[in-house]
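Q: A structural model of the following input is requested.
(one chain, ligands or ions: 1)
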Amino acid sequence: MSILKDKNVLLGITAGIAAYKSTSLVRLFVKVGANVKVIMTPASKDFVTPLTLSTLSKNPVLSSFIDEEDENAVWNNHVELGLWADLFLIAPATANSLSKMASGNSDNLLLATYLSAKCPVYFAPAMDLDMYKHQSTINSFEILKGFGNIIIPAVSGELASGLVGEGRMAEPENILTFIEKDILQSLPLNGKQVLITAGPTYEAIDPVRFIGNHSSGKMGFEIANAAANLGAKVVIISGPTHEKAEHSLITVIPVQSASDMYDAVHNHFNDSDIAILSAAVADYKPKKVSIIKIKKKDSTLQLELEKTKDILESLGKIKQNKLLVGFALETNDELENAIKKLKSKNLDLIVLNSLNDKGAGFGGTTNKVTIINKNETITNYSLKSKTEVAKDIMNEILKLLDA
Ligand code: CTP
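A: Numbering: from 1, shown residues only. Purely as a prediction, here's the structure:
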């Protein structure tokens with residue numbers, strides 16, 4: 001999954017021959033799951049049609065402050081567009097538009113939106129080689145970079161004039177990769193590795209039976225997505241689950257039993273900066289596993305169980321400066337029990353689920369948590385989707401990393 005999935009991408013098109021490539025750009029952004037809106041300068045419509053771009057982007061294409069042919073026309077609000085965008089890409093960016101952007105000119109909708117945009121702005125210049133090298137163009141680049149805008153440099157090749165040299169707009173695929181990499185680098189967990197346990201464990205009784213629990217694994221996979229969206233590389237050690245990870249930064253290692261999970265976690269802990277143990281690990285397992293299927297004979301059957309190894313506790317003993325997060329599922333004296341676990345297992349953060357709260361815990365799509373950090377600061381969260389709870393947990397982790 002691309003880091004651009006579900007992001008709002010505003011594509012600004014100015015009047016250069018490379019505008020024909022903007023159709024490919026729109027397709028690429030849509031393909032990775034971004035929401036795309038296009039703004040064109042009036043002159044760029046001579047190079048590529050708004051109809052093509054609105055069909056590909058599945059959104060109306062905007063180019064003037066008011067649609068003069070529509071008697072019910074409403075004002076195209078550049079401020080709203082600027083706020084809607086998570087990123088604004090101007091491609092192709094002509095020398096003329098770049099110079100206007102640098103000087104604060106806002107005589108068309110694209111330029112007014114540029115001045116209103118609060119999101120990161122990328123621009124991909126496209127022009128003839130002498131224009132590209134002209135001091136005035138270089139000055140525009142420098143001024144725009146000074147504003148914090150990001151240049152996607154032009155490349156060398158054959159130009160529309162027939163001349164060969166620097167000035168060709170970067171290829172659409174390369175523009176997309178450039179932006180994805182740039183966003184990843186700016187994310188707070190870029191370069192960090194996060195280890196997550198998720199789902200239930202299955203403890204074998206015989207070749208066909210096991211002791212398990214109702215954990216779906218959803219919470220752990222949502223935390224993995226939230227961590228990957230912050231730029232972390234994520235390894236999920238997961239018990240049996242139907243959940244799937246689609247993010248390119250997430251690797252899933254499937255396991256069955258508590259003992260398998262223990263081994264896999266310890267194999268990856270060294271390389272991790274943060275470990276979040278959300279799995280519902282069995283506390284007990286059958287002492288003996290029958291190698292043949294147990295036949296029904298007597299009216300009762302006794303299974304002797306023994307404790308599994310506590311993975312979380314074992315990590316607390318070796319964690320050094322890694323950040324360790326545990327979960328606590330409680331039915332009574334919730335806060336007191338959770339704080340006890342936080343201390344005894346040497347955690348930085350504990351996420352408390354109370355089974356007394358409706359919509360919390362196993363199975364469903366919602367959860368209600370209280371998060372307690374190592375300083376015993378307690379934060380109560382409302383009932384939310386597990387996607388949102390995962391973001392709250394990651395925000396608490398970011399706060400601890402910043403502290
Ligand atoms: N956990 C673990 N290994 C185990 C058991 C639990 O890593 N063998 C982790 C869980 O992933 C969770 C935390 O420990 O992060 C708390 O689990 P919970 O069952 O609430 O608490 P326990 O410590 O097992 O204590 P109790 O069952 O007595 O409440």
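
Q: residue 61 and the ligand: what is the separation?
A: 50 Å (Cβ to the nearest ligand atom, to the nearest Å). Just so you know, the C-beta spots here come from the backbone N, C-alpha and C atoms, and that holds for glycine as well.

Q: just residue 56 next, same as before
A: Taking Cβ to the nearest ligand atom, one finds residue 56 at 46 Å from the ligand.

Q: residue ranges in the stretch 201-350 of the chain under the pLDDT threshold?
A: For the stretch 201-350 of the chain, no stretch is flagged by pLDDT under 70.

Q: residues from it in reach of the ligand?
A: 258, 277, 279, 281, 283, 308, 310-312, 326-329, 341 (Cβ under 6 Å from any ligand atom).

Q: one more pass at 8 Å, please.
A: With Cβ under 8 Å from any ligand atom as the criterion, the stretch 201-350 of the chain meets the ligand at residues 258, 261-262, 265, 277-283, 307-315, 325-330, 337, 341, 345, 350.

Q: which other residues reach stretch 184-194?
A: The contact list for stretch 184-194, computed with Cβ atoms under 8 Å, 6 or more residues apart in numbering, reads 3, 120, 224, 227, 229-235, 271-276, 398, 401.

Q: of those residues, which count as buried by neighbour count?
A: 3, 120, 224, 227, 229-235, 272-276 (16 or more other Cβ atoms under 10 Å).

Q: just those residues: which are in helices?
A: Among these, DSSP state H puts 224, 227, 229 in helices.

Q: between those, which is nearest the ligand?
A: Proximity of these to the ligand (Cβ to the nearest ligand atom) peaks at residue 224, which lies at 14.5 Å.

Q: pretty sure that closest one is touching residue 253, no?
A: No: between residue 224 and residue 253 there is no contact under Cβ atoms under 8 Å: 11.7 Å.

Q: give the contact list for residue 124.
A: 89, 90, 91, 92, 93, 151, 152, 154, 169, 170, 175.

Q: which among those end up buried?
A: For those, buried by 16+ other Cβ under 10 Å: 89, 90, 91, 92, 93, 151, 152, 154, 169, 170, 175.

Q: tell me which of the residues you listed fall in strands.
A: With DSSP state E as the criterion, strands contain 89, 90, 91, 92, 93, 151 from among the buried ones among the contacts of residue 124.

Q: next SSE after the host helix or strand of residue 340?
A: Per DSSP states H and E: residue 340 is located in helix 334-344. Later in the chain than helix 334-344, the nearest helix or strand by DSSP H and E is strand 349-354.

Q: what sits up against that next one?
A: 278, 323-331, 334-335, 338-339, 341-342, 360-361, 367-374, 393, 396-397, 400.
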